[in-house]
Every structure is written in C-alpha cells, then in structure tokens.
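In: Show me how the following folds:
(one chain, ligands or ions: 1)
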Amino acid sequence: MNGQHAPQSFDRVLSSMCTEPHPAARTAAERFLATNPGDPATYGTIAELESRAVELLCTVVDHPRSGPDLGYLTSGGTEANLQAVRAARNLAAGGDVNVVAPESAHFSFRKAAAILDVELRTVPLDRDHRADIEAASAAVDENTALVVGVAGSTEYGRVDPIPDLCAIAHETGARMHVDAAWGGFVLPFHDVPWTFADAPIDTMTIDPHKLGRAVVPAGGLVVRDPATLDALAIETPYLETHAQATVTGTRSGAGVAGAVAAMEELWPDGYRETAQRCQRNAEWLAAAFADRGYTVVDPSLPIVAASIPTPIFEELRSAGWKIARTDRGELRIVCMPHVTRDTLRAFLSDLDRIAES
Ligand code: PLP
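Out: Below you'll find the predicted structure:
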C-alpha cells in the first residue's frame with residue numbers, strides 16, 4: 001500500500017451505497033486478485049466461483065430456477081442496467097425502441113439510453129415517490145422494449161409497484177427489468193413484492209458490492225431466461241470459449257470471490273440481522289430529525305431524507321461528515337451496515353451544535 005494514503009475510513013460516511021466488506025469477502029477477494037472470470041478456460045476456479053455467485057443470487061431473488069446460466073457478475077449496477085436495456089433492444093422486433101422508467105430510476109439508465117441510442121421516457125412518481133401506474137401505462141406504446149421498476153430507489157429507498165409495472169410491460173409486448181442494485185439484500189426481509197417469484201419479471205440488477213457486503217467491484221445481473229444472455233453474446237475469436245455476454249472483457253476475480261464469500265457467510269441470517277439493524281437505525285434517526293422539527297421522508301428502507309437548511313448541511317460537511325443531498329435538496333443518509341447508532345449520535349450532536357450557533 002502507498003504509505004502516504006490511509007485506507008478508507010467509514011467512520012463518517014453517511015451517504016454512500018457501498019460499505020465495509022465482510023471480513024470473509026476481503027480475505028477471499030485477496031486470494032483471487034490476479035484472476036479473470038472473463039477467460040474461464042484459463043481461470044477455471046474463479047469461473048466456477050462465478051457460477052456459484054449466480055446460483056446464490058438466484059436464491060436471494062427467489063428465482064424459480066437456479067443455474068450458472070442465469071446471469072453474471074457485472075462491474076456494478078450501471079453495467080447490469082445497461083445490459084438489461086441492451087438485451088431488450090436486441091430482442092425487440094426492430095425500429096426505434098423506447099424504455100419507460102420512473103423519474104426515480106438511477107442515472108445509469110440515462111447512460112444506457114445514450115450509449116445504446118434508445119429513447120428514455122421517464123414517468124412521474126406518486127406522492128410516496130413510487131412509479132405512478134397510470135403514468136407508466138400512458139407512456140408505453142408498441143415501440144416500448146423495456147419497462148423499469150426500482151426496488152429500493154437511490155434517493156428515498158422506495159419500491160415501485162413491480163407486479164403492476166410488469167403487467168403493463170407484458171401487455172404491450174415489452175420486457176420488465178427490476179433495479180434492486182441497492183435494495184436487493186434488504187428486501188428479502190420486507191413484506192413487499194419485488195422478486196422473480198412475485199412477478200414474471202425478465203431481468204434484475206442486484207449488487208453484492210452494496211448491501212451484499214462484498215468488495216468492489218461486484219454488481220449482479222440476473223435473468224429469467226438464459227436466452228437473454230444469448231441476446232447479449234459477442235463472439236470471442238481468440239479465447240477458448242466462444243462468446244461473451246459481458247460488457248468488459250477482463251473482469252475482477254476479486255469481486256467474484258468476495259461476493260461468493262459474503263453471500264455464503266451472510267445468507268440469510270446475517271443479511272436479516274443487518275437489514276433489521278439498519279432499519280432500526282433509520283427509524284431512530286428519522287424520529288430524531290422529526291423531534292428537532294425537520295420534515296422527514298419516512299424511511300421504508302434504511303434511507304432517511306430530511307429538510308436540513310443548506311448552511312447547516314455545508315457546516316456538517318466541513319466538519320468531515322460525508323453526506324449528500326437529494327435532487328430536492330434534502331439531506332440524505334443511507335444507514336448502511338457500517339453506520340452505527342454511536343455514529344448517528346455523534347452526527348446529531350454536531351447537527352445540534354451547528355444549529356444552535
Ligand atoms: N441502481 C441503483 C438503484 C443505485 O442506487 C445505483 C447506485 O447507487 C446504481 C444502480 C448504480 O450502481 P453502480 O454505482 O454500482 O454502477
């Protein structure tokens with residue numbers, strides 16, 4: 001390690017969607033630093049581990065089947081979302097296709113639309129920041145290749161009405177993608193429909209490197225039907241394997257090994273315990289903000305948004321807190337596994353001191 005740089009400390013990180021990896025993930029990742037799952041004929045062990053990772057992801061997302069042909073580990077949620085759009089475009093009958101997504105969809109869909117030259121139609125949200133079903137229904141047409149639903153939105157942690165969106169997509173002949181990049185490892189412990197068992201969704205993003213506590217980079221793309229991956233495949237003339245569905249060629253074996261280790265260690269009890277602790281922290285923090293008279297968006301998943309005046313927000317940042325704001329300007333705190341009650345107490349005490357001065 002470069003002696004001049006201290007390793008990242010998570011002590012004051014309150015707005016990131018990544019977290020400290022589980023120790024088992026860290027150890028496993030280190031063992032596979034110089035491996036490339038993009039070349040399975042050469043790096044067989046890591047390729048087997050990737051199959052295991054996909055099977056574990058299938059379990060988490062309640063896939064009706066489990067198999068190594070049902071996805072792969074991406075560089076992150078951005079790549080998985082891009083690939084969902086790409087598959088839908090490739091499988092569409094042709095013409096100018098469009099993608100319908102709620103306004104809360106992650107900006108990676110804007111990147112995907114730009115890269116793939118498809119139209120992105122964003123539809124408004126209801127009063128609880130979830131995709132408005134009537135608006136989505138009005139936005140689709142015969143050129144819609146994909147409808148997107150978010151399961152754990154980036155700003156407010158909301159879960160769109162996935163079965164309704166799925167019905168809208170399939171009625172119009174489009175595919176259905178669920179972006180559970182962040183929410184996927186807490187949602188199994190919430191009573192809300194979001195999985196392959198809850199609706200006939202076609203593709204899903206779920207990232208081990210967020211709430212899955214794997215090392216970066218480890219995103220996940222899971223597909224209902226292996227034909228989706230075929231629609232992404234490109235021939236690979238100089239490798240022993242014949243085709244690649246991934247965006248990048250060389251990929252991170254460390255990310256794959258870390259994801260398997262984290263999921264084997266934590267699914268389901270460890271994730272349940274973490275999800276419950278993060279949720280309790282979020283609810284406690286939301287109540288603390290409300291007690292102080294700030295308007296709070298109810299944390300249905302462990303993200304708290306509160307209307308903190310800009311000068312206070314700026315001073316908190318100057319005090320070293322890694323915080324960010326929503327598009328509407330609210331302070332947004334993501335209660336990730338590394339965020340402890342003590343950290344939140346220290347944060348509130350700084351907030352009170354700044355607000356009183
Ligand atoms: N989707 C959602 C819902 C996200 O919250 C994020 C990132 O925060 C992404 C996709 C993009 O993931 P990544 O940064 O791993 O590419």
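In: Name the surrounding residues that touch the helix or strand harbouring G270.
Out: Assessed by DSSP states H and E, G270 sits inside helix 269-291. With contact meaning Cβ atoms under 8 Å, 6 or more residues apart in numbering, helix 269-291 is reached by 22, 185-186, 188-190, 211-213, 266, 296, 298-299, 301-304, 306, 308, 333, 335-337, 339-341, 344, 348. All C-beta atoms are positioned from the backbone trio N, CA, C, and that covers glycine.
In: Take those residues and keep only those in helices.
Out: L266, R341, L344, L348 (DSSP state H).
In: can you give me the strands for the stretch 1-150 of the chain?
Out: Residue ranges of the strands in the stretch 1-150 of the chain, as given by DSSP state E, counting those that start in this stretch, are 71-74, 98-102, 119-123, 144-150.
In: Switch these over to a markdown table; also include mean pLDDT and mean neighbour count.
Out: A markdown table is the format used below for the strands of the stretch 1-150 of the chain (pLDDT from 0 to 100; neighbours: other Cβ atoms under 10 Å):
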| stretch | mean pLDDT | mean neighbour count |
| --- | --- | --- |
| strand 71-74 | 98 | 29 |
| strand 98-102 | 98 | 27 |
| strand 119-123 | 98 | 18 |
| strand 144-150 | 99 | 30 |
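In: In TSV: those, plus distance to V256.
Out: Putting the strands of the stretch 1-150 of the chain into TSV (distance: least, Cβ to Cβ, whole Å) gives the following:
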stretch	distance to V256
strand 71-74	5
strand 98-102	28
strand 119-123	30
strand 144-150	25
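In: and of those, who's closest to the ligand?
Out: strand 144-150 (5.8 Å; Cβ to the nearest ligand atom).
In: So which elements touch that closest one?
Out: Where contact means 3 or more Cβ pairs under 8 Å, 6 or more residues apart in numbering; DSSP states H and E, strand 144-150 is packed against helix 77-91, strand 98-102, helix 162-171, strand 175-179.
In: So which of the ones you listed has the densest surroundings on average?
Out: Stretch with highest mean neighbour count among those: strand 175-179 (a mean of 29; mean count of other Cβ atoms under 10 Å).
In: That strand vs strand 98-102, what angle?
Out: 40 degrees (axes from the mean of the first three to the mean of the last three Cα atoms, to 10 degrees).
In: Show me how far strand 175-179 is from its chain's centre.
Out: Remark: strand 175-179 is offset 13 Å from the chain centroid, using Cα atoms, centre = their mean, to the nearest Å.
In: That one - which strands sit beside it in the sheet, and in what orientation?
Out: Applying DSSP bridges, strand 175-179 is found paired with strand 144-150 (parallel), strand 203-205 (parallel).
In: in terms of contact, does S252 touch S75 like I think?
Out: Yes: counting by Cβ atoms under 8 Å, S252 touches S75, with 7.4 Å between them.
In: overlap in contacts of the two?
Out: Between them, S252 and S75 share the contacting residues P217, judged by Cβ under 8 Å, 6+ apart.
In: what sits against the closest residue to T295 other than its chain neighbours?
Out: Counting by Cβ to Cβ, 6 or more residues apart in numbering, S307 is the residue found nearest to T295 once chain neighbours are left out, at 4.4 Å. By Cβ under 8 Å, 6+ apart, the contact set of S307 is Y294, T295, V296, G329, E330, L331.
In: pLDDT at A92, what is it?
Out: Predicted confidence (pLDDT) for A92: 96.
In: Return the distance of it relative to the ligand.
Out: Going from A92 to the ligand by Cβ to the nearest ligand atom, to the nearest Å gives 22 Å.
In: I'd guessed that residue sits against A145; true?
Out: Yes: judged on Cβ under 8 Å, A92 makes contact with A145 at a distance of 4.1 Å.
In: what about P23, neighbour count?
Out: 12 (other Cβ atoms under 10 Å).
In: want to throw the strands of the stretch 1-150 of the chain into TSV with distance to the ligand?
Out: TSV is the format used below for those (distance: least, Cβ to the nearest ligand atom, whole Å):
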stretch	distance to the ligand
strand 71-74	8
strand 98-102	11
strand 119-123	14
strand 144-150	6
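In: T144: what's it in contact with?
Out: Contacts of T144 by Cβ under 8 Å, 6+ apart are V97, N98, V99, V100, R121, A169, T172, G173, A174.
In: beta partners for it?
Out: Applying DSSP bridges, one finds that T144 bridges with N98.
In: Cross-check the contact I'm expecting between A145 and L91.
Out: Yes: counting by Cβ under 8 Å, A145 touches L91, with 7.5 Å between them.
In: Now for the two: what residues contact both?
Out: With Cβ under 8 Å, 6+ apart, A145 and L91 have common neighbours R175.
In: Which residues of the stretch 101-250 of the chain lie near the ligand?
Out: H106, S108, V150, T154, D179, A181, W182, D207, G219 (Cβ under 6 Å from any ligand atom).
In: For the fifth one, list each beta-bridge partner.
Out: If I follow you right, that is D179. The partner residues for D179, given DSSP bridges, come to V150, T205.
In: what do you get for the last one?
Out: Applying DSSP bridges to G219 gives these bridge partners: T74.
In: how close does R353 get to I323?
Out: 16 Å (Cβ to Cβ, to the nearest Å).
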